[in-house]
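> sequence unknown, structure follows:
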């Protein structure tokens, strides 16, 4: 594992709660017991959580879809993410697309391209730096000490808690965001998507895939109807 | 009258609620970070699995809050009521939860 931690956090980060409460522990314990008992899966839960934060494809999802279809554009994403972002309607430098933050926050986006044996994941260990213009508001869990502290130390364990089990031979690279540099993950294109249009592809690149805690799948769209598996041992039925 | 559950009573008495934490740390977010995942758990328990239908859960939550958790703010009281409903319905036992709380607490505080 390698960490991109050569960064500057010398800006006024929003204050954070730096302790884990008994209620936070209770919420995690209840959820994990449900999963352990087969009532629902981690993936079912992720879909609900993601659904509550984002509806419809994100600009970054569109960027990834275009790059999957066009090698030249993919190279532009790597070489000049600011220019590549213009193609999906996001101007990092000259405007404030999300109407929050300051333009200076967004001048150095970076696209981290996954490979079959290399998986990237994004974190901000000291605060909650996030590529908001192209990815919207950060999810609550991204801002928790639990995620921020543990991802850089035990990324494989934390990813498994999101339901993403990576083989041992896949290298995990954790990118630590900062004031100027905001990362977006470009995951590998999943199987079962041959011949798909850009619109179709954009629909499966979810927020969690772009942070790096999930992998896109042909059967999982951003705004799918929420699906929960039948309980293995349903209560009272 | 609902019967109290000692494990949940203890969390209700000793746990630090979000309003106190955000005041201490100067955080503006009105909701704790676990709020959305709690809502997801409630939704997942309802849909498809039908283990704990939303209407039944909310009815029970109202009763439990009136009888046991009225001094706890929202969403902490929602979380306690959910855990309470799951225990009295046999979805999990108090022992299950006590044991797993220790595991989670150790894990989250390891970093």
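Received, thanks. In this text the structure is predicted, and so the values were computed from the model without any measurement. Numbering: from 1, shown residues only, chains lettered A, B, ... in the order given.
> what comes up buried for stretch B:4-16?
Neighbour-count burial for stretch B:4-16 flags B:5, B:7, B:8, B:11, B:12, B:15, B:16 (criterion: 16 or more other Cβ atoms under 10 Å in any protein chain shown). C-betas here are computed from N, CA, C, even on glycine.
> which of the three states applies to residue A:232?
Counting by DSSP: H, G, I helix; E, B strand; the rest coil, the backbone at residue A:232 sits in coil.
> list the helices and strands the helix or strand bottoming out on mean pLDDT in chain B packs on?
For chain B, scoring each helix and strand by mean pLDDT, DSSP states H and E identifies helix B:54-64 as the least confident one, at a mean of 84. When contacts are defined as 3 or more Cβ pairs under 8 Å, 6 or more residues apart in numbering or on different chains; DSSP states H and E, helix B:54-64 packs onto helix B:35-46, helix B:76-88.
> in it, what counts as buried?
For helix B:54-64, by 16+ other Cβ under 10 Å, it's B:57, B:60, B:61, B:64.
> out of the buried residues of stretch B:4-16, which are close to chain A?
B:11, B:15, B:16 (Cβ under 8 Å from any Cβ of the partner chain).
> wait, the first one sits on residue A:24?
No: Residue B:11 sits out of contact with residue A:24 when judged by Cβ atoms under 8 Å, with a separation of 10.8 Å.
> closest one to residue A:109 out of the buried residues of stretch B:4-16, please.
Residue A:109 lies nearest to residue B:16 out of the buried residues of stretch B:4-16, by Cβ to Cβ, at 37.0 Å.
> OK, contacts around the closest one?
For residue B:16, the contact set (Cβ atoms under 8 Å, 6 or more residues apart in numbering or on different chains) comprises A:19, A:21, A:22, A:23.
> over to residue B:53?
Going by Cβ under 8 Å, 6+ apart, the list of residues near residue B:53 reads residue B:46.
> how about it, phi and psi?
Per-residue torsions, residue B:53: phi -60, psi 140 (degrees, to the nearest 10).
> what's around residue A:200, how many residues?
13 (other Cβ atoms under 10 Å in any protein chain shown).
> nearest residue to it in space, please, no chain neighbours.
Using Cβ to Cβ, 6 or more residues apart in numbering or on different chains and skipping residues adjacent in sequence, the residue nearest residue A:200 is residue A:193, 7.4 Å away.
> assign that neighbour to helix, strand or coil.
Following three-state DSSP, we place residue A:193 in the coil state.
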